[in-house]
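K.L.:
Below: sequence and its predicted model.
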Amino acid sequence: MHRRTEPPTVTVTVPGPTLGVVGGGQLGRMLGEAAAPLGVDIVVLDPTPDCPAAAVADQIVGDFTDPEAMAELAARADALTFEIELADPDLLDELAAEEGIDVHPSPDALRTIEDKLVQKRTFGEADIPIPPFHRVDDADDLRAALDEFGSVMLKARTGGYDGRGNVPVTDPDDAEAAIEDVGGPAMAEAFVDFERELSVIGVRGEGEIRTFPVGENVHEEEILRETVVPARTTDEVREEADRVAREVLSHLPGRGVFGIELFETSEGDVLVNEVAPRPHNSGHWTIEGALCSQFEQHVRAVLGWPLGATTQRAPTVSANILGTVEESQPARLAGLETPLSEPGVSLHWYGKAEVRPLRKMGHLTAVDTGDDESIESLLEHVRELRDGLSFD
């Protein structure tokens with residue numbers, strides 16, 4: 001349940017408010033798609049000309065840490081947010097102070113989350129359940145972690161995503177090679193004997209917190225492949241996952257959407273894996289599967305507007321479309337006539353000009369159309385549709 005508060009006054013104007021977004025990838029694109037019906041304009045900052053978001057938003061071509069480009073973004077916006085953790089929190093703080101512009105989520109939340117060691121320490125000090133971890137600066141630190149935990153996942157403290165920057169280690173003789181693979185400061189996290197990976201998309205608004213139903217994430221090679229909602233677990237575990245997610249949100253300042261990844265252990269406990277201070281891949285299902293998507297929620301929250309309902313419409317499964325090529329090539333996806341002909345199935349194409357091995361190029365979402373289809377058969381169906389696509 002969410003606590004009702006007196007909603008702020010919102011007036012629609014022409015032109016409407018402009019939201020500046022650091023990052024113009026697929027998340028920026030979907031933010032722009034969600035903002036338009038609200039009368040909100042989007043301008044993104046991204047170093048790649050004609051980035052995915054440029055199809056639905058104005059673009060400033062520039063680096064995420066370029067002070068002049070960031071100042072231009074702030075000058076054109078009524079509020080700032082980010083869709084990538086490569087945004088510079090110090091620069092965002094400077095803009096907030098010098099330009100008097102709101103930045104959400106708070107740069108302090110970004111500081112906490114962008115460094116996985118700081119993130120884990122913050123949650124541990126708040127008694128939020130997390131796996132055991134160890135700071136790793138060199139091979140001796142990693143061997144000490146292996147001695148303590150038996151086997152670990154070595155994680156780069158910053159910059160890792162989609163399995164990049166994560167190296168499983170079980171043998172002390174592999175310590176030096178693992179450190180080299182990670183390529184910088186790291187942390188070692190004890191391997192968790194988990195039944196499934198869960199996620200909660202949470203929203204911090206002005207004086208209120210809301211959460212979407214708990215999803216179940218299916219990974220392969222550390223890359224998210226499918227999200228199933230509701231998660232195929234017990235009511236007790238779903239309730240605990242929601243409770244833990246709300247506890248996480250209470251320790252992260254600022255307004256916006258947060259993606260909270262969790263482990264369900266074999267004993268039924270829920271541990272925090274990682275948190276993203278932005279809309280998250282595991283929340284893409286909300287576009288068709290919820291009354292108000294995570295992207296619209298983020299726009300509303302950052303602007304200080306009332307939040308939408310997080311109610312699920314029906315059982316929903318989303319499946320990522322990844323690059324199934326051996327080397328980079330121009331993006332051309334074939335076989336779309338089949339999923340586009342299926343009731344309850346939606347395609348999201350991210351508009352990336354080049355497909356690379358395992359690059360996220362889009363996703364399919366399948367919503368139960370009322371035929372009493374089981375969540376397992378819905379998952380099998382969307383997998384078949386996704387696997388029938390090809391890059392040729």
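P.N.:
Alright, I've got the coordinates.
K.L.:
quick one: low-confidence parts of the chain?
P.N.:
Residue ranges of the chain with pLDDT under 70: 1-8, 12-14, 160-163, 372.
K.L.:
Which helix runs longest in it?
P.N.:
Scanning the chain for the longest helix, with DSSP state H as the assignment, gives helix 235-249.
K.L.:
what helices or strands is that one leaning on?
P.N.:
The elements that helix 235-249 packs onto, with contact taken as 3 or more CB pairs under 8 Å, 6 or more residues apart in numbering; DSSP states H and E, are strand 194-204, strand 209-211, strand 256-265, strand 270-276. Glycine gets a C-beta too; all of them are placed from N, C-alpha and C.
K.L.:
How about the contacts made by residue 98?
P.N.:
Listed by CB atoms under 8 Å, 6 or more residues apart in numbering, residue 98 has no contact partners.
K.L.:
Only the buried residues of the helix or strand harbouring it, if you could.
P.N.:
Residue 98 is part of helix 89-99, with elements assigned from DSSP states H and E. Neighbour counts using 16 or more other CB atoms under 10 Å place 89, 91-96 of helix 89-99 among the buried residues.
K.L.:
Is it possible to get the residues you listed out as a markdown table so that each row also shows distance to residue 375?
P.N.:
Formatted as a markdown table, the buried residues of helix 89-99 follow (distance: CB to CB, whole Å):
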| residue | distance to residue 375 |
| --- | --- |
| 89 | 39 |
| 91 | 44 |
| 92 | 40 |
| 93 | 44 |
| 94 | 47 |
| 95 | 44 |
| 96 | 43 |
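K.L.:
which non-adjacent residue is nearest residue 24?
P.N.:
residue 46 (3.2 Å; CB to CB, 6 or more residues apart in numbering).
K.L.:
repeat for residue 340
P.N.:
Ranked by CB to CB, 6+ apart and with sequence neighbours excluded, the top spatial neighbour of residue 340 is residue 347, at 6.3 Å.
K.L.:
Then that neighbour would be within a strand, right?
P.N.:
Yes: Residue 347 forms part of a strand when assessed by DSSP: H, G, I helix; E, B strand; the rest coil.
K.L.:
Any idea what it is bridged to?
P.N.:
Beta-bridge pairing of residue 347, defined through DSSP bridges, involves residue 364.
K.L.:
Now do the contacts for it.
P.N.:
Here residue 347 is in contact with 336, 339-340, 362, 364 (criterion: CB under 8 Å, 6+ apart).
K.L.:
most neighbours, which of the residues you listed?
P.N.:
Neighbour counts for these (other CB atoms under 10 Å) peak at residue 364, which has 25 neighbours.
K.L.:
so how far is residue 382 from that residue?
P.N.:
Distance, residue 364 to residue 382, by CB to CB, to the nearest Å: 6 Å.
K.L.:
Just give me the neighbour total for residue 168.
P.N.:
Neighbour count for residue 168, taken as other CB under 10 Å: 12.
K.L.:
Domain map for the protein?
P.N.:
According to automatic domain parsing, the chain comprises the domains 18-103, 132-190, 194-391.
K.L.:
among these, which is nearest residue 109?
P.N.:
Across the domains of the chain, residue 109 has its closest neighbour in domain 194-391 (4.4 Å, CB to CB).
K.L.:
all strands of the stretch 101-250 of the chain, in order?
P.N.:
For the stretch 101-250 of the chain, strands defined by DSSP state E, counting those that start in this stretch occupy the ranges 102-103, 133-136, 152-156, 166-169, 186-190, 194-204, 209-211, 215-220, 223-229.
K.L.:
Now the fourth one: buried residues?
P.N.:
This means strand 166-169. Along strand 166-169, these residues count as buried under the neighbour rule (16+ other CB under 10 Å): 166-167, 169.
K.L.:
May I have that strand as CSV, with CA atoms only?
P.N.:
Coordinates of each C-alpha in strand 166-169 appear next as CSV, following Å, rounded to 0.1, in the frame of the first residue of the first chain:
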residue,chain,number,x,y,z
ASN,A,166,32.1,-9.7,-13.4
VAL,A,167,34.5,-12.7,-13.1
PRO,A,168,33.6,-15.9,-11.1
VAL,A,169,36.6,-17.2,-9.2
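K.L.:
Are there helices or strands packed against that strand, and which ones?
P.N.:
strand 152-156, helix 175-182.
K.L.:
Over to the fifth one?
P.N.:
Other elements packing on strand 186-190 under the criterion 3+ CB pairs under 8 Å, 6+ apart are helix 116-125, strand 133-136, helix 139-149, strand 152-156.
K.L.:
Export the ones you listed as CSV, with columns for distance to residue 252 and mean neighbour count.
P.N.:
Output for those, formatted as CSV (distance: least, CB to CB, whole Å; neighbours: other CB atoms under 10 Å):
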stretch, distance to residue 252, mean neighbour count
helix 116-125, 9, 18
strand 133-136, 19, 21
helix 139-149, 27, 18
strand 152-156, 19, 22
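K.L.:
out of those, which comes closest to residue 323?
P.N.:
Among those, strand 152-156 comes nearest to residue 323, with 22.3 Å by CB to CB.
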